[in-house]
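Chemist: predicted model, plus sequence, below.
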Amino acid sequence: MFRYPLRSVILLAFLLSVATTVRAGGDRTPLNIEPDHIQVGFFYGGQKISVRANVPAGDNVLVKVKGATQKLDLKKKGKVFGFLWMNVGEVVYEDVPGLYIIRSSYKLADLAPANVLQQLEIGYDALKAKIVKAPDGEDGKLFGDLIKLKEREGMFTIVEGGIRHAPTPGGREQIATEFLLPPKAPVGEYLVELYGFKDGSGTLLGSGSIALEQDHLIQFITSMAGNHSLLYGFLAVVVAVVVGLLTGVIFRLGKGRAH
């Protein structure tokens, strides 16, 4: 006879525990993101981004930058016949962020308990809990290789202690951090979130975005390749011939001067 009331009590207790670990933010803190619109051209080599904000004094803070999630297929390598390294299978990950950058004022483990960080999707362990559906399976064993791959590409970075604090009037602080939006980052919009941590709980203080867009020339070429493939192919051949002729002329001039 007490079965349903007991379930209700357990559910209420769970909701209360979540409410005490992940606080609901009040008025959002505006983020100063510079630059927040980036044009990608032929010579784009990445972009340094700075984030600043005015936050309550005493809070530890964290900035998370995340790209749209995607499905990722990885080839699994192994030894064949005991000495040949070859592709021996495939590992598929779902909901992998296209970009994942963390900057925090202190070590992640010192900000909040693991369950709070997991709810906020902060840290590689939290990513693993979301991405890997069967942690004890092959996907879980190879998750570390996925992180290493993304870190080599510059798409995943975590820097603990990478935020500067400076006191301001009114019991608040100015925080600042920088990171590199890597050259391999695809065009699109990237979410920037600022979290505050105090007494083991976390609050979303504010959010913003970074728009990465192709410049007009790249847009024109992409449009032509997709909508006018024949003309695009003809122009590509013409450009290749012209470049080849110019290279030959420059080579001959340089050879003549050498004599």
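Modeler: Structure's in. What do you need?
Chemist: any low-confidence regions in the chain?
Modeler: 1-27, 75-89, 135, 215-236, 238-239, 254-259 (pLDDT under 70).
Chemist: rerun that using 50 as the cut-off
Modeler: 1-4, 6-20, 24-25 (pLDDT under 50).
Chemist: show me the strands in it, by range?
Modeler: For the chain, the strands defined by DSSP state E occupy 22-23, 32-34, 37-40, 47-56, 60-66, 69-80, 84-97, 100-104, 156-160, 164-168, 172-181, 188-198, 201-214.
Chemist: the last one: which residues count as buried?
Modeler: In other words, strand 201-214. 201-208, 210, 212, 214 (16 or more other Cβ atoms under 10 Å). Just so you know, the C-beta spots here come from the backbone N, C-alpha and C atoms, and that holds for glycine as well.
Chemist: go on, the third one?
Modeler: Using 16+ other Cβ under 10 Å as the burial criterion, the residues of strand 37-40 that qualify are 38-40.
Chemist: reformat those as JSON lines; add distance to Pro167.
Modeler: Formatted as JSON lines, the buried residues of strand 37-40 follow (distance: Cβ to Cβ, whole Å):
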{"residue": "Ile38", "distance to Pro167": "32"}
{"residue": "Gln39", "distance to Pro167": "37"}
{"residue": "Val40", "distance to Pro167": "38"}
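Chemist: closest to Tyr106 out of these?
Modeler: Nearest to Tyr106 among the buried residues of strand 37-40 is Ile38, at 29.6 Å by Cβ to Cβ.
Chemist: residues in contact with that closest one?
Modeler: Contacts here follow Cβ atoms under 8 Å, 6 or more residues apart in numbering; on that basis Ile38 touches 47, 181, 210-213.
Chemist: repeat the analysis, applying 10 Å as the threshold.
Modeler: Residues in contact with Ile38, defined by Cβ atoms under 10 Å, 6 or more residues apart in numbering, are 44, 46-47, 49, 181, 185, 187, 190, 210-213, 215.
Chemist: let me know the closest of the residues you listed to Asp73.
Modeler: For those, the nearest to Asp73 is Ala185 (19.7 Å; Cβ to Cβ).
Chemist: wait, that closest one touches Val40, no?
Modeler: Yes - the criterion here is Cβ atoms under 10 Å, and Ala185 meets it with Val40 at 8.8 Å.
Chemist: can you list residues touching both of those two?
Modeler: What both Ala185 and Val40 touch, as defined by Cβ under 10 Å, 6+ apart, is the set 47, 212.
Chemist: any idea what Val65 is bridged to?
Modeler: Beta-bridge pairing for Val65 (DSSP bridges): Ile101, Val192.
Chemist: understood, closing this out.
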